[in-house]
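S.K.: give the three-dimensional model of this entry:
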Amino acid sequence: MSFQSPQPTQPQIVLSGHGLVKYYGDVVGLAGVDVAVRSGEALAVMGPSGNGKTTLLHVLAGILTPDEGEVWLVGERVDQLNDAARTVLRRRRLGFVFQDNQLLAELPADENVALPLMVDGMSRREAVGRARTMLAQVGLAAEVGRRPGELSGGQAQRVAIARALVGEPQAVFADEPTGALDAATGAQVIDLLVGAATYRGAAVVVVTHDNAVAARCHRVLRIVDGRVSESLGANR
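M.R.: Residues are numbered from 1 along each chain as shown. Presented below is the predicted three-dimensional model:
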C-alpha cells in the first residue's frame, strides 16, 4: 500500500536533541550530537557498528538519559522526566519497530497490534477494532487472525509497523527494521513504514547500515565515534 506524505508549508520540529553526550564508563557513546526531525520527515542514522547509532536512538526515545544535553518532544523536555513518566511517554507518544519485530508468538496479529492500547487502558473491543483498521491500512486485512509464526518475515514486520502506528505517535523509531529481510521485501517494508508514518505527520528515526534503506528516507545523518560526521539533505 502506498502513502503520499502531505507537504505542510512549515513543518514543525517534533523531536530534537541538543549537545547530546553519553558515556559508558570511560567509553564515549555520544560526543555532543545535535539533531532535529520535523513532522512528516524520516531521518536515517548510519555509521560503523559501535559508533553511537543505537545510543542516539535510545537517548532520543527516552530509553536512556544523556549525561549532558537535552531531548525535546513537541515542546516537552524528555530527559528531565523520571523513569515512570518516560515510560508513559514512550507508550502514548512514541512508536517502535525492531529488527526481530518483538511480536508475541501466542497472540494473533490483531491482538499484537492492540496490546499497547489495552495496556494504556482502552477496552479490548475498541483496541482490537482500531488494530484491525490499522492492519487493513498496511495491507493485512486478511491476516488479522494469524499468529506471528504463520506470517512471512515481511508480513510480521507489517504487523510491527501497524503496532507502532496504532496509537498515533508523534515520533517513530526503527532499529534495523529490514535487517532480517531480503532486499525486495526490505524495500517494501521501509517504504511502508516511512510512507505511513510521515503521512500521519510523525517524525521517523531509522537506524540502518543499508544504503538502500537510507535512500528511502528524507535525510541521512552519519555518526562516527559518537559525533555527527555528515548530514545529507533530502533524498525523496
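
S.K.: please identify which helix or strand holds the residue nearest the centre of the chain.
M.R.: Nearest to the geometric centre of the chain sits F173, at 1.7 Å (CA atoms, centre = their mean). Of the helices and strands defined by DSSP states H and E, F173 is found in strand 171-175.

S.K.: tell me the buried residues in the helix or strand just after that strand?
M.R.: Downstream of strand 171-175, the first helix or strand assigned by DSSP H and E is helix 183-199. By 16 or more other CB atoms under 10 Å, the buried positions in helix 183-199 come out as 185-190, 192-199. Heads up, the C-betas are built off the backbone N, CA and C, glycines and all.

S.K.: which strands and helices lie in contact with the worst-scoring helix or strand of the chain on mean pLDDT?
M.R.: Least confident helix or strand, the chain: strand 227-232 with a mean of 81, by mean pLDDT, DSSP states H and E. The helices and strands touching strand 227-232, judged by 3 or more CB pairs under 8 Å, 6 or more residues apart in numbering; DSSP states H and E, are strand 27-38, strand 219-224.

S.K.: the inter-axis angle of the last one versus strand 27-38?
M.R.: This means strand 219-224. 170 degrees (axes from the mean of the first three to the mean of the last three CA atoms, to 10 degrees).

S.K.: determine the angle, from 0 to 180 degrees, between strand 219-224 and strand 227-232.
M.R.: 150 degrees.

S.K.: check the first one too.
M.R.: Angle of strand 27-38 versus strand 227-232, following the same axes, to 10 degrees, is 30 degrees.

S.K.: mean confidence score for strand 27-38?
M.R.: When pLDDT is averaged over strand 27-38, the result is 96.

S.K.: how about residues contacting that strand?
M.R.: Residues from elsewhere that reach strand 27-38 (CB atoms under 8 Å, 6 or more residues apart in numbering): 11-23, 43, 52, 55-56, 59-60, 66, 68-69, 171, 203-205, 221, 223, 225-228.

S.K.: need the buried ones from these selected in ChimeraX.
M.R.: Buried subset of the contacts of strand 27-38, written as a ChimeraX selection, criterion 16+ other CB under 10 Å:
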select :11,14,15,16,17,18,20,21,22,43,52,55,56,59,60,66,69,171,203,204,205,221,223,226,228
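
S.K.: filter the contacts of strand 27-38 down to the ones in strands?
M.R.: Those of the contacts of strand 27-38 mapping onto strands are 13-23, 43, 68-69, 171, 203-205, 221, 223, 227-228, per DSSP state E.

S.K.: okay if I get the helices and strands packed on strand 227-232 as a markdown table plus distance to L232?
M.R.: Shown next, in a markdown table, are those (distance: least, CB to CB, whole Å):
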| stretch | distance to L232 |
| --- | --- |
| strand 27-38 | 13 |
| strand 219-224 | 4 |
